[in-house]
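Novice: okay, predicted coordinates and the sequence, questions at the end:
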Amino acid sequence: MITPCVLEGGVVAAAEVTTIKTSPVADHCFMTVSAICAIDKTTAIATYIEIGIDDSGRLIPIQSKAGSFVANVSHSIDYPVVLKAGQRIYAKFATPTAGDQLAVYAHGVVECMRPGGNDCER
């Protein structure tokens, strides 16, 4: 079964390089991500935002883009990325202001290989 899905993660930042992660793709499933958005909702990110895949703690960069990103303006990826079960998307922000609201969203579809399985995330 193929189901639309949004994986997301967020955190209130300290004044240091901060990595946030989405929830992982559910067991026995894979996800085709069509768009990823990493955003500081509060203030500008002057240096860079990196987006990638977290594979059991191994961070695999997909794209990093230099700032400045003003508040509520995202670094986005608009091409397909495929995640297997247990993988998740991460976004690394360098360097947010303490108290900033950071978020990452991965939009796509998930397909599960078990009968009755249509979970978006674990």
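Specialist: Good, I have the coordinates.
Novice: tell me the buried residues in stretch 70-83?
Specialist: Neighbour counts over stretch 70-83 (16 or more other CB atoms under 10 Å) mark 74-75, 77, 81, 83 as buried. Just so you know, the C-beta spots here come from the backbone N, C-alpha and C atoms, and that holds for glycine as well.
Novice: those: which two are farthest apart?
Specialist: Greatest spatial distance in the buried residues of stretch 70-83: 74 and 83, 19.4 Å, computed using CB to CB.
Novice: closest to residue 91 out of the buried residues of stretch 70-83?
Specialist: Closest approach between the buried residues of stretch 70-83 and residue 91, by CB to CB: residue 75, at 7.7 Å.
Novice: can you tell me how far that closest one sits from residue 12?
Specialist: Applying CB to CB, to the nearest Å, the value for residue 75 to residue 12 is 19 Å.
Novice: can you check residue 120 too?
Specialist: Separation of residue 120 from residue 12 (CB to CB): 24 Å.
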